[in-house]
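how would this look folded up:
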Amino acid sequence: MEILENFLSWAEEKQWHIKEKKNLLVLPEEITERYLLPETWLRFVSRVSCCANPDESAWFLTQEDYQNQNAFAWNTFETISLESAGTPEEIQKIRAFWNRYFPVMLCVSGEYAFYAIDTENGSVVYGCEPEFEETEAFAESFPEFLRRIMYERT
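Numbers count the residues shown, from 1 in each chain. Okay, the predicted model is just below:
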């Protein structure tokens, strides 16, 4: 996939922390049973074990994150929202949101924010605190997401 190669080359040029993945991608059942994920994202996460901007304030979630082997869990924002929910209806709404949107990148410079794949249509949305579940469209697909990072977020 050409966009993946272009993005990884761009990220290295911009001094992102990139580590190529050496072992087979294994995602926890919690994820594979909960989400139907696009092939383009699966190819990306199969290639990298680390992909973070130079100051490590934004990073792509990788196999280790999804296996909860890092300090900042992949579903941290879902957990924060559930802990602050006041009613069973709010809990149900939060769970429905996170069952549809799969986080792929976290950002912690300034406010907590994330990018997530909409598993119903493959688009990528952006969300931030204090209402993580109030998102805005960012890209029509994961490849378009990578392009926008390269050309608009430099």
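
quick check: closest non-adjacent residue to residue 98.
residue 78 (4.3 Å; Cβ to Cβ, 6 or more residues apart in numbering). Glycine gets a C-beta too; all of them are placed from N, C-alpha and C.

check contacts around that neighbour.
94, 98, 132 (Cβ atoms under 8 Å, 6 or more residues apart in numbering).

which is the next helix or strand following the helix or strand containing it?
Following DSSP states H and E, one finds residue 78 within helix 76-84. Moving toward the C-terminus from helix 76-84, the next helix or strand (DSSP H and E) is helix 88-100.

find the nearest non-adjacent residue to residue 120, please.
Nearest non-adjacent residue to residue 120, counting by Cβ to Cβ, 6+ apart: residue 100, 6.0 Å away.

who's in contact with that neighbour?
Going by Cβ under 8 Å, 6+ apart, residue 100 touches 118, 119, 120.

all strands for the protein, in order.
Taking DSSP state E, the strands of the chain run over residues 17-20, 48-52, 58-60, 101-107, 113-118, 124-128, 135-139.

among these, which comes closest to residue 10?
strand 17-20 (10.3 Å; Cβ to Cβ).

from the contact counts, what lies against the lowest-mean-pLDDT helix or strand in the chain?
Ranking every helix and strand in the chain by mean pLDDT, DSSP states H and E puts helix 63-66 at the bottom, with a mean of 92. Using 3 or more Cβ pairs under 8 Å, 6 or more residues apart in numbering; DSSP states H and E as the contact criterion, no helix or strand is in contact with helix 63-66.
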